[in-house]
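Let me see the structure of the following:
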Amino acid sequence: QTGTMQILLAHHHRYGQQKTPQQALQYGLIAGFVEVGESLEHAVVREVAEEVNISLKDIRYVSSQPWPFPSNLMLGFRASYADGDIVIQEDELSHADFFDLSKLPKIPFKGSIAYELIAQIANEQGISL
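Next up is the predicted model:
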């Protein structure tokens, strides 16, 4: 929409609510779980469609990170926007939008897979987080 690279970020209810106007809400990437019998790529497509009503293309694996729950692994993927307007799944998200990489909201902490994925895209655009 702006002519520059943007990234889809969402504010999940688990990140908390804004208590004061000065407190920045934390935004992150769309996440979810793989269902039995589902490919990883299909899980990415399904979770994004369920949570924000966006269709994807060019889905590609980037990296993984152990998750602090027993026997879980977080997998990071990148994808390109294909189609759709954002309609959030209100029981999970309070807001989602495409953000310019130079005007990001508060994002997950350095060392998290979400931060690393966001930083990778920003670095490709010559933006240092």
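
Can you point out the buried residues in the strand or helix carrying L75?
L75 belongs to strand 73-83 when elements are defined using DSSP states H and E. Buried residues in strand 73-83, counted by 16 or more other Cβ atoms under 10 Å: L75, G76, F77, R78, A79. Just so you know, the C-beta spots here come from the backbone N, C-alpha and C atoms, and that holds for glycine as well.

and it, which strands flank it?
If you go by DSSP bridges, strand 73-83 pairs up with strand 55-66 (antiparallel).

picking up where we left off before, run the angle between the helix or strand just after the strand holding L75 and strand 73-83 for me.
Using DSSP H and E, the helix or strand that follows strand 73-83 towards the C-terminus is strand 93-100. Here strand 93-100 runs at an angle of 70 degrees relative to strand 73-83 (axes from the mean of the first three to the mean of the last three Cα atoms, to 10 degrees).

Residues contacting strand 93-100, please?
1-2, 4-13, 17, 25, 27, 30, 51-52, 81, 86, 88, 105 (Cβ atoms under 8 Å, 6 or more residues apart in numbering).

can you do 10 Å?
1-18, 25, 27, 30, 48, 51-54, 81, 86-89, 105, 107, 118, 125, 127 (Cβ atoms under 10 Å, 6 or more residues apart in numbering).

Name the residues linked to A10 by a beta bridge.
G28, A96.

Am I right that it is in contact with E50?
No - assessed by Cβ atoms under 10 Å, A10 is found out of contact with E50, at 11.8 Å.

any common contacting residues for those two?
Common contact partners of A10 and E50 (Cβ under 10 Å, 6+ apart): I30, Q89, E92.

Select only the buried ones of the residues you listed in PyMOL?
Buried subset of the shared contacts of A10 and E50, written as a PyMOL selection, criterion 16+ other Cβ under 10 Å:
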select buried, resi 30+92
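
closest to V44 among the shared contacts of A10 and E50?
I30 (8.4 Å; Cβ to Cβ).
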